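J.: Compute the structure for the input listed below.
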Amino acid sequence: KPYHSKKYMFKSLKEKFTSWFKKSEAEEKLEEKKEEIIEPKKETKEKSGQKKEKKLKKKEKSKLVEEKLEKKETLQEQFEELEEQLKKQSDETPIEKQEPIKKIQEEKQGFFKKLFSKKKKEEKIETQEPEIKQIQELEIKEKEGFFAKLASKLSISTLTQEQFDEIFPELEITLLENNVALEVVDKIKESLSKNLVGIEIKKSEIQKIILNSLKESINSILIESPDLISQINKSLDIFIIIFVGINGSGKTTTIAKIAHYLKQHKISCVLAAADTFRAASIEQLQIHSKNLNIPIIAHQYGSDPAAVTFDAKKYAETHKIKVVLIDTAGRMYTKANLIKEMEKIVRISKPNLKLFVGESITGNDATEQAKTFNESINIDGIILTKADVDEKAGTILSVSQVTSKPIYFLGTGQNYEDLIPFTKSAVLKNLGLE
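T.: Below you'll find the model as predicted:
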């Protein structure tokens, strides 16, 4: 199974990155509200459009209007004459006959009243709209993430260093929250700044440029390893790999996975149980040896680990076995005497590869462990276990940059097959950047 299909891998950081590019629920709701507000405006626009059409037809109707006005004037004159005649008659009749005149006056006033009332309605809509827009813009700005803020700056003008420094802290906090080492955050900042500050970008290409810049920044801090199988096949002598790391990091299980991996590629190997300190460590490796049908060299508990590695090397020479895989006692990287013992094993076994095994989920602690082991024995590469349940991805983004050493494999489960060669593209895919 490809490890980019694992359910929880890099979940936290991926969700953050993708949420910055996708519209939030709040923004979608605001857009719905905006549509509701715009609808009345559309109606007013339709009415104004109708008015324009009427104006165009005004010339055609002007003659009819003039005729109507003339008729009204003649009617008014007639009614005035009638009024004078009716005054001579009874007192009740003039009041009744005056009603048509009042109606004509009301009709004249009614047209303008309607016209002004429409104008007032339109003015109310127009005055309300800028206020609503301002509120919406403020709410959206509060919800915007790093990429949206950066895009808004770029859409206005060329991005300055001051603008970038103002926006970057949000991405910085996100990376630190996801266990990315501070020096790695600084490296990403430097790379992004180099790619974005002082350049002119078309508005249509803003998101693409920002996404590519972040991908390039992360690519620059990740280090892929050479192909292990090619390294072994190129070696004319026995190829010795020693595994170091603290207790509980999955070191012994990882050795068994590597043995299975080599067996799949038709490369013979022998296991060396050089962890003579931890209880049941020898038995654990013996079970893996039996399951995989691979030979093992083991001594008694408390014996010299360096002697075990020496005997394993001799066994490989005698039986023409290509690779020796050496398990070592888990030790805290803060214990100086245990680190010195590790240095002795390395000196005697003279390994071709010294691989640090750490837990991906321990974040900055795993990065510090790798840094200390690197300073002591100059490790050649890294294997990170439990990557399938690593939601934050901070260790993977940090450990290579801090040690300047490549990641060889990622452990993604408990089965022998759950060991995947590390690739940059898979990491970017899991982060939602590819």
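
J.: what about stretch 399-410, start to end distance?
T.: End-to-end distance of stretch 399-410 (Cα to Cα, to the nearest Å): 13 Å.

J.: And for stretch 198-216?
T.: Chord length of stretch 198-216, first to last residue, is 18 Å (Cα to Cα).

J.: Tell me the buried residues in it?
T.: By neighbour count with 16 or more other Cβ atoms under 10 Å, stretch 198-216 contains the buried residues Ile201, Ile206, Gln207, Ile209, Ile210, Leu211, Ser213, Leu214, Lys215. Every residue, glycine included, has its C-beta placed from N, CA and C.

J.: quick one: which helix or strand includes the second one?
T.: To tie it back to what came earlier, the one meant is Ile206. helix 206-221 (DSSP states H and E).

J.: Determine the set of other helices and strands touching that helix.
T.: Helices and strands touching helix 206-221, by 3 or more Cβ pairs under 8 Å, 6 or more residues apart in numbering; DSSP states H and E, are helix 11-21, helix 146-156, helix 182-196, helix 394-403, helix 424-430.

J.: mind running it again at 7 Å?
T.: Contact partners of helix 206-221 among helices and strands, from 3 or more Cβ pairs under 7 Å, 6 or more residues apart in numbering; DSSP states H and E: helix 146-156, helix 182-196, helix 394-403, helix 424-430.

J.: next SSE after that helix?
T.: Downstream of helix 206-221, the first helix or strand assigned by DSSP H and E is helix 228-234.

J.: Averaged pLDDT, that following helix. What do you get?
T.: With pLDDT averaged residue by residue, helix 228-234 scores 95.

J.: list the buried ones in it?
T.: In helix 228-234, counting by 16+ other Cβ under 10 Å, buried: Leu228, Gln231, Ile232.

J.: got a list of contacts for the helix or strand following that helix?
T.: Using DSSP H and E, the next helix or strand after helix 228-234 towards the C-terminus is strand 239-244. Strand 239-244 is contacted from outside by 232, 251, 254-255, 313, 322-328, 342, 345-346, 349-357, 373, 377, using Cβ atoms under 7 Å, 6 or more residues apart in numbering.

J.: Show me what the next helix or strand after strand 239-244 is packed against.
T.: Scanning forward in sequence from strand 239-244 by DSSP H and E, the next helix or strand is helix 251-264. Secondary-structure packing of helix 251-264 (3+ Cβ pairs under 7 Å, 6+ apart): strand 239-244, strand 269-273, helix 281-292, strand 323-327.

J.: so who does the nearest residue to Ser191 once chain neighbours are set aside touch?
T.: Of all residues not flanking Ser191 in the chain, Ser217 sits nearest, at 3.8 Å (Cβ to Cβ, 6 or more residues apart in numbering). By Cβ under 7 Å, 6+ apart, the residues touching Ser217 are Ile188, Ser191, Leu192.

J.: just those residues now: which is nearest Asn293?
T.: Using Cβ to Cβ, Ile188 comes nearest to Asn293 of these, at 46.0 Å.

J.: worst-scoring helix or strand of the protein, pLDDT-wise?
T.: Each helix and strand of the chain was given a mean pLDDT (mean pLDDT, DSSP states H and E); the minimum falls on helix 99-143 at a mean of 45.
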